[in-house]
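# with the sequence up front, the predicted model follows.
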Amino acid sequence: MASRFSSRVALALALVALASGCGRWAVRASEKEHLADPVMVFDGDPHEASADEHVLSNREGSAGGRGGGGGCGCN
Amino acid sequence: MRLQLTLLLAVAVVAPRPVAADDKVDATTTWYQEARRGNLGGLTVVHPQVDFGVGDEVSFEAGWSADAVTGATAAVYAVDAVSSATKFSDLRNEGHASLGFAGRRSQLAVTGSVGAERDYLSITAGGSGSIDLPGKNTNVALSYTHNFDQVCDRDNAMLGPLERRPLTGLDPCNKNYILGKDTPGMTVWRDVAIDTAQGTITQNLSPTMNLQVGLWGQIVDGFQSNPYRRVRVGQIDAQEHSPGTRARGALSARLNRYLIPVHAALHLSARLYSDTWGVNSAAVETDWSQYLGSDLLFRLRARIYQQTAATFFKDAFFYETESTAGEYFTGDRELAPVRNILVGGKFTVLTVAEDKKVWGVFEKVQFNLKGDVIFLDELPADDPDANAAGTGDQFLTSGQLIDAFVVQAGVLLNF
């Protein structure tokens, strides 16, 4: 059990390290026009996102995992 | 009893939101209609939301939402739920506020909310933060919320689980402003503490593709049964009895891909969920956003969801003929094995003018109209061949293909 937990933590840390590494070179500021488009923003409509979670979490035994926030680093 | 609404609130409050670049007014109303069997009508929820936000580097947001709920509910989880159906109505109000601070690469926010309805009170406090890592292609966000909640229950003193009586709509649930006030011998307020935390990493993968990975966790500690609901165990109709602690976790991934030639975007998402009550689920969703000219946006959506039952959930026939599966028993459809399919669409009119107002003082006006249809497939929790009564009548929603629909209209004004 402890080793499984350790493996998951190690995997999560590796993902963070990988992601932050990508962040140096992946997309230049001048290439972010489409990433800044409203359709590319995760949960760009907070009311829709919360109402959606509202409906689904009242019908299903699960919740969460919707993410939110983020952003393209365009400004 | 609307514990789920509070869980939703925790989710909504905990999710870090991008700090608005403009001051805004956002108003949305959602109409949820669920079909119910019997002659008492369906379940109707009207959910208005209004938010107001000002500021950029230092921002303040405040908002209000409500739930007006009317419809039929089954008082007893039994082989025939329709015969015990009753009508009910409830009104919940919730107010929230947040104070945000934004730097060049980071954001911090503190949030709070207060919610009240006849039988449930909620106070939340939380905070969130996010930072763009060097290169501004990776965003890491963390958030946490704590709920100080109370739920009204019948005063069952020291009675055992099978002896407890349910709360009724006539029982007094007295309050002292936003704190519950016990009525000895009749009703008591029980505490529910909810800790919710979430972490997300959002990564730009290419000039037209980004990915978000999220890890969400929640611990609910306190009274989590529906105090009104009874479960027929043998010949006894006893108040539902759920465990006092529930630890929940979800792992999600979402991908957006912009398709330049067709001026559209493809969205893919998946979520895995598990909790200590034995509910495991998976959900996958795909959306397609299509621009029609520069001002119109249309989105199509399809989602499939399936979950397993809680370990203590049984089909009603087996509670009646074999008793419980251990200490706990429930008639909550959310803890039953179900499969949902959702299809829907959203139409957005977006009006933005360069360096001038488009309407009065507003620089941007956006109208949204959305509709979803939800199909439900209730699955047997126990051996269907041994279930002489079947599961076709144990919920008011049993045996219906189209279970619910959602219509939402909203307007967002930036000034």
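On my side now, so go ahead.
# hey, what's B:Y32 bridged with?
Beta-bridge partners of B:Y32, counted by DSSP bridges, are B:V45, B:V406.
# do you know how far it is from B:L292?
Noted for B:Y32: a distance of 28 Å to B:L292, by Cβ to Cβ, to the nearest Å. Yep, even glycine has a C-beta here, placed from its N, CA and C like the rest.
# between these two, who's got more neighbours?
Neighbours were counted for B:Y32 and for B:L292 using other Cβ atoms under 10 Å in any protein chain shown; B:Y32 has more, 24 against 12.
# tell me if I'm right that the more buried one and A:L56 touch.
No - using Cβ atoms under 8 Å, B:Y32 is not in contact with A:L56; the gap is 10.6 Å.
# any weak-confidence spans in chain A?
A:1-6, A:9-10, A:12-25, A:67-75 (pLDDT under 70).
# which stretches of it form helices?
Secondary structure of chain A (DSSP state H): helices located at A:2-22, A:46-57.
# tell me who's in contact with B:S206.
A:26-27 (Cβ atoms under 8 Å, 6 or more residues apart in numbering or on different chains).
# try 6 Å
By Cβ atoms under 6 Å, 6 or more residues apart in numbering or on different chains, no residues touch B:S206.
# bridge partners for it, pull those for me.
Here B:S206, judged by DSSP bridges, has bridge partners B:M209.
# isn't B:L379 right up against B:P337?
Yes - using Cβ atoms under 6 Å, B:L379 makes contact with B:P337 at a distance of 4.1 Å.
# higher neighbour count, those two?
The neighbour comparison of B:L379 against B:P337 (other Cβ under 10 Å) goes to B:P337, with 21 against 14.
# gap between B:P261 and A:H34?
From B:P261 to A:H34 the distance is 12 Å (Cβ to Cβ).
# these two: which is more packed in?
Taking other Cβ under 10 Å, B:P261 and A:H34 do not tie; A:H34 has more neighbours (22 against 5).
# I'd say that one and B:T208 touch.
Yes - taking contacts as Cβ under 6 Å, A:H34 lies within contact range of B:T208: 5.1 Å.
# who touches stretch B:361-374?
The contact list for stretch B:361-374 (Cβ under 6 Å, 6+ apart) reads B:340, B:342-344, B:346-352, B:357-359, B:403-415.
# who does B:G55 form a beta bridge with?
Counting by DSSP bridges, B:G55 is bridged to B:S59.
# can you count the residues close to it?
As a burial measure, B:G55 scores 15 neighbours (other Cβ under 10 Å).
# state the distance from it to chain A.
15 Å (Cβ to the nearest Cβ, to the nearest Å).
# could you measure from that residue over to B:A85?
From B:G55 over to B:A85 the distance is 49 Å, taken as Cβ to Cβ.
# what do A:H34 and B:T208 both touch?
By Cβ under 6 Å, 6+ apart, A:H34 and B:T208 have these common neighbours: B:Y258.
# sec struct for whatever residue of the stretch 51-200 of chain B ends up closest to chain A, please.
Taking Cβ to the nearest Cβ, chain A has its nearest neighbour within the stretch 51-200 of chain B at B:K136, 2.9 Å off. State at B:K136, reduced to three classes by DSSP: H, G, I helix; E, B strand; the rest coil: coil.
# now swap in B:E320 and tell me
Using three-state DSSP, the structure places B:E320 in helix.
# report pLDDT for it.
Per-residue pLDDT puts B:E320 at 92.
# quick check on the nearest residue to it once chain neighbours are set aside: phi, psi?
Using Cβ to Cβ, 6 or more residues apart in numbering or on different chains and skipping residues adjacent in sequence, the residue nearest B:E320 is B:R232, 5.3 Å away. The phi/psi pair for B:R232 (degrees, to the nearest 10) reads phi -80, psi 110.
# what residues are up against B:R232?
Contacts of B:R232 (Cβ under 6 Å, 6+ apart): B:76, B:78, B:320.
# which positions in the stretch 301-415 of chain B make contact with chain A?
B:307, B:334-335, B:406, B:410 (Cβ under 6 Å from any Cβ of the partner chain).
# just those residues now: which is nearest chain A?
Nearest to chain A among those is B:E334, at 4.5 Å by Cβ to the nearest Cβ.
# dump the residue contacts of the closest residue to that closest one other than its chain neighbours.
The shortest distance from B:E334 to any non-neighbouring residue, by Cβ to Cβ, 6+ apart, is to A:G61 (4.5 Å). Going by Cβ under 6 Å, 6+ apart, A:G61 touches B:279, B:307, B:334-335.
# let's have those residues in CSV, adding secondary structure.
Formatted as CSV, the contacts of A:G61 follow (three-state DSSP):
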residue, secondary structure
B:V279, coil
B:Q307, strand
B:E334, helix
B:L335, helix
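# mind checking the SS state of B:S269?
Relying on three-state DSSP, one would call B:S269 strand.
# where's it relative to chain A, distance?
8 Å.
# burial check on that residue, number of neighbours?
With other Cβ under 10 Å as criterion, B:S269 counts 21.
# ok, B:L297 next?
B:L297, neighbours per other Cβ under 10 Å, totals 23.
# again, but for the one 10 residues further on
Close neighbours of B:Q307, defined as other Cβ under 10 Å, add up to 22.
# for B:Q107, same thing?
23.
# who does it bridge with?
Counting by DSSP bridges, B:Q107 forms beta bridges with B:A102, B:S130.
# and the gap between it and B:F88?
Taking Cβ to Cβ, one finds B:Q107 at 41 Å from B:F88.
# now the residues of the stretch 301-415 of chain B next to chain A in JSON lines, with pLDDT?
Output for those, formatted as JSON lines (pLDDT from 0 to 100):
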{"residue": "B:Q307", "pLDDT": "97"}
{"residue": "B:E334", "pLDDT": "95"}
{"residue": "B:L335", "pLDDT": "97"}
{"residue": "B:V406", "pLDDT": "97"}
{"residue": "B:G410", "pLDDT": "96"}
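# who touches stretch B:162-175?
With Cβ under 6 Å, 6+ apart, stretch B:162-175 has contacts from B:118-119, B:152-154, B:156, B:181, B:183, B:186-187, B:227-228, B:230, B:236, B:238-239.
# so for it, what's the average pLDDT?
Here the average pLDDT along stretch B:162-175 is 92.
# what does stretch B:370-390 give?
Stretch B:370-390 shows a mean pLDDT of 94.
# also stretch B:215-223?
Stretch B:215-223 comes out at a mean pLDDT of 96.
# anything in that stretch sitting right up against chain A?
Yes - residues of stretch B:215-223 are located near chain A by Cβ under 6 Å from any Cβ, namely B:W216.
# buried stuff in that stretch?
Neighbour-count burial for stretch B:215-223 flags B:215-218, B:220, B:222-223 (criterion: 16 or more other Cβ atoms under 10 Å in any protein chain shown).
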